[in-house]
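S.K.: here is my input; please provide its structure:
(chains A, B and C)
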Amino acid sequence: MNKLQGKDFINIGIFTAIYFIVIFAVASIGFIPIFIPLISVIVPLVGGIPMMLFFSKIRKFGMITVSGLLLGIIMLITGMGYWCILTGIVFGLLSDLALKACGYKNYKREILTHGLFSMWVIGAFIPIVVTRADYYQNLLPGYGEEYADTLMSYMPDWILPVLLAASFISGIAGGIIGYRIFKKHFERAGIA
Amino acid sequence: MIECKKLSFSYLAGGGKKKYETIKNVSCRIKEGSFVLLCGVSGCGKTTLTRIFNGLIPHYHEGKLEGDAYIEGKNTKRLSLFDISLKVGSVFQNPRSQFFNVDTTSEVAFGPENHGMSESKIKQRVQQVCSQLDIEDLMDRSIFSLSGGEKQKIACGSAAAIDPDIYVLDEPSSNLDSCAVSDLRRLLEILKSCGKTVIISEHRLYYLADLIDRVIYMKDGKIEGDYTAQEFKAMPESQREVMGLRPLDLDVLKDTEHGIKAEAFSRWVISDMTFSYKYRPGILQIGKSILPAGKVTAVIGDNGAGKSTFSRCLCGLEKRCRGTVEYDGHVYSAKERLNICYMVMQDVNHQLFTENVEEEILLSMKNKNKKQIERLLEDMDLTELSECHPMGLSGGQKQRVAIASAIASEKPLIIFDEPTSGLDLFHMRKVANVVNEIADQGRTVLVVTHDPEFILRCCDHVIHLSAGRVYESYPLRDRRDRIRLLDFFMLK
Amino acid sequence: MAKELLASCRDGSSIILDPRTKLAVLITISIFILGGSYEGIMQYYIIILAFIPLILLLSSGKRKASVIYIVIFGGSLCLELFILSMLPSPVNYIAVTITGILLRFAPGIVMGYLLVTDTTVSEFMDAMDKLHMPRFITMPMSVMFRFFPTVAEEWSCIGDAMKMRGIGLGYRRAGHILEYRLVPMMICSVRIGEELSAAALTRGLGGPIKRTNVCDIGFHIQDIFILFVCAGAYVAQIYVLITRG
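M.R.: The predicted structure is shown next:
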């Protein structure tokens, strides 16, 4: 019974679609480049609403991993790079393990799991941050060492861990919001 | 052949906390090649019975099943859904939710693909089904561009592509207009002539009158009556009415009377209302149309005639709509109309936002008045439900909540979009009474509908749209008017 | 109807590429333009790569989009090469970040847009099958693509209902707007999903037999040419790495 079946695959597809539409709607703020770092906070915050409902339906191992992978693929085909496939799988797998460990029944762990899962958004930032050193040196020849250093300080090395932590924390906050909405609406509406 | 032996089933809802029984001790045997109608009021268990026939119970819906069902001699408990899918084809009520693919050809090929048929054979099979069911013109289209009727035809085609011997249809006409119903009927006729077994659960009976071989009438989860076609047709209409069934022949409706409302004191005048998409010819072109105030006006017309567009334009929901609406000496712009109109949508799920029924009504009220809410809840039979989540209610209850918020909004023009699709006789009459009451309070009501029985119960005026124009517009006063109306709904 | 993420039916005339080619272009662009370091000859090769989406845009008659693309990509490239170094420092940091992001994301987003609008769902699923993607990926993926327009449809219907009840910009309880919109959308979507599963299962989805897929895709001369250009990027990168030592 633990193998994923037709019904599970359909559930994965549905919730990934809902999740993507919700986060896409709120992430449009990132079209203004200065706000891009904010995405790592907003997406987990709002994404908690669909994800907590999804978590409540999960009884089998692997569903979040597939969902993370699918998210990565959509990010790729909408031109956001291939890194999200990797982060989607990694954090999806971690979330699956976390849910399995709590036996799929503990809402506090589910909130924590949402924090874990939310860290996949870091994949969207990796291409900007990781290669920036080479990038500045190569595309801006003759700017001088000092100039490159100043630029590096605008996007320092520690920005990735900071964004990662931000997404984890707001993921937990989003999980709490999602859980409240779940209790207030979804459970009582009989779709849980 | 299908056989049921002492079947009982109860659904498990809310994580197993609630349990409600839907069918009790049902035994029946359905012969090969027969056309069986399952009928009865909402909640009588006919949908549950169809789910047993197509294997969704016990393989998909969770619950407690007692007794056995056999398809061609095999117990459904021992067959997988996959095995059953080879023998039983299913068509469901909601045309929006039964497609797995986004284009029609893939949808028809979907069943054979799942059964691992070879590519050339699938193509051949799709061709064959399309010509057999006469749906060739629908191939290679986007699912999202089809009308409800076209979707149901594709759903039948998709079921037929596996070539099962048994077809199970669950209220397939609920969301269809009269033209689409005629098409569906033709399709069922083809299936019947191929010698297939057809089991259909339905509220609308008139289009099936010539097809049925047998009628199973259910009440409170039990089979209460089992008739041959002759017996069922010979029954006086009044007896079917007592059973809560819709008429088998629309002709009897000619004599429906309903109380004539007080003469209209003023009227809404719609002038030069047009609507079109960019670079395309107009979808709606209405020169002048009148809605008598304090009365109920029905908007009828075939699919694509512009009924929904008309009601959306009237509400002020379409930005591209031009034209004016005048009432009481005031000309309302589209934006102002949003403040004076309230639409009760066909899918009321879209307009229920809050966490309980009382909040939902409060949300619509400008002046929160506790007494008024209580009275409204009582009028709409919702007092006991006031603490429940609106989305957790049954379809009819949800609709009443939506209507209650419409009334609470105190807007002068209330629009209903297909309020009776999929309702049985009792519930339809209940809605008709509510609509009459709203009009009696002095509000104007517009109803977009394809339910002639409902129109004759509460409407005073008819606007017939055709190709985006007003084809005719007449009051419903006497028998002649009613015949004129019913002419439109007769099977073509 | 811009509601569908992948088109459900093909329209318009354009250079028809195999979805696999489009995916290859996307991945190449992601690697070298979005995530590349622009060393040596690579800084010229990316311009060639950036031309692929432009050609595809032009061939499908999207003139306005082509112009915007040229302005954004070409503009930020010129800015970076010639003007940025002349700007005073606080403006400069912001400008470098913005142009850097525009330059890097524009080609990928345009290519993604082309893939999404110019590929039908069944073509894409065929491509996934031909790439031997396992069923646990392809099945939820096809449901997902089927579901995007449905969710969008629900979203807009609920928006209409909100307008009618006067809930929108300027509504008193601003915090509730998102809740009022998300909650019914999710409830409706989940219900539709349940009905969808039931309907699919009664037609044999998830059976023990391997699904067939009626395929129509294949590589043509234009695919080979574009794949060749993509391959060139990898060759150039390897060359850069070797000469760097």
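S.K.: got the phi and psi for A:Phe160?
M.R.: In this structure residue A:160 is Leu, not Phe. Dihedral pair for A:Leu160: phi -60, psi -50, per degrees, to the nearest 10.
S.K.: does it touch A:Val121 like I think?
M.R.: No. Using Cβ atoms under 8 Å, A:Leu160 is not in contact with A:Val121, being 11.7 Å away. (C-beta placed from N, C-alpha, C; glycine too.)
S.K.: so for the two, which sits in the more crowded spot?
M.R.: Neighbour count, other Cβ atoms under 10 Å in any protein chain shown: between A:Leu160 and A:Val121, A:Val121 has more, with 29 against 16.
S.K.: wait, what's in contact with that one?
M.R.: Contact analysis of A:Val121 by Cβ atoms under 8 Å, 6 or more residues apart in numbering or on different chains lists A:39-40, A:43-44, A:84, A:87, A:167.
S.K.: check A:Ser67 too.
M.R.: Going by Cβ under 8 Å, 6+ apart, A:Ser67 touches A:12, A:15-16, A:19, A:54, A:88, A:92, C:140.
S.K.: can you say which of those residues are buried?
M.R.: A:12, A:15-16, A:19, A:54, A:88, A:92, C:140 (16 or more other Cβ atoms under 10 Å in any protein chain shown).
S.K.: could you break chain B into its assigned domains?
M.R.: Annotated domains of chain B cover B:2-244, B:267-489 [automatic domain parsing].
S.K.: would you turn these into CSV with mean neighbour count and mean pLDDT?
M.R.: CSV is the format used below for the domains of chain B (neighbours: other Cβ atoms under 10 Å in any protein chain shown; pLDDT from 0 to 100):
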stretch, mean neighbour count, mean pLDDT
domain B:2-244, 19, 89
domain B:267-489, 19, 89
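S.K.: between those domains, which one is nearest to chain A?
M.R.: domain B:267-489 (3.5 Å; Cβ to the nearest Cβ).
S.K.: and that closest one, end to end?
M.R.: With Cα to Cα, to the nearest Å as the measure, domain B:267-489 spans 28 Å from end to end.
S.K.: next: stretch B:317-336.
M.R.: 11 Å.
S.K.: which other residues reach it?
M.R.: Stretch B:317-336 is contacted from outside by B:266-277, B:284, B:286, B:293, B:309, B:312-314, B:316, B:337-338, B:340, B:343, B:412-413, C:160, C:163-164, using Cβ under 8 Å, 6+ apart.
S.K.: relative to the whole chain's centre, how far out is it?
M.R.: When distances are taken as Cα atoms, centre = their mean, to the nearest Å, stretch B:317-336 is centred 30 Å away from the chain's centroid.
S.K.: before we move on, back to that, and the contacts of A:Val121, which is closest to B:Gly73?
M.R.: Of all these, the one with the least separation from B:Gly73 (Cβ to Cβ) is A:Cys84, at 52.8 Å.
S.K.: now that closest one. Nearest residue, chain neighbours left out?
M.R.: Leaving aside its sequence neighbours, A:Cys84 sits nearest to A:Gly123 (Cβ to Cβ, 6 or more residues apart in numbering or on different chains; 3.5 Å).
S.K.: quick one: buried residues of the lowest-mean-pLDDT helix or strand in chain C?
M.R.: When each helix and strand of chain C is scored by mean pLDDT, DSSP states H and E, helix C:89-117 comes last, with a mean of 79. Buried residues in helix C:89-117, counted by 16+ other Cβ under 10 Å: C:92, C:95-117.
S.K.: return the subset of the contacts of stretch B:317-336 lying in strands.
M.R.: Counting by DSSP state E, the contacts of stretch B:317-336 place B:267-275, B:284, B:286, B:343, B:413 in strands.
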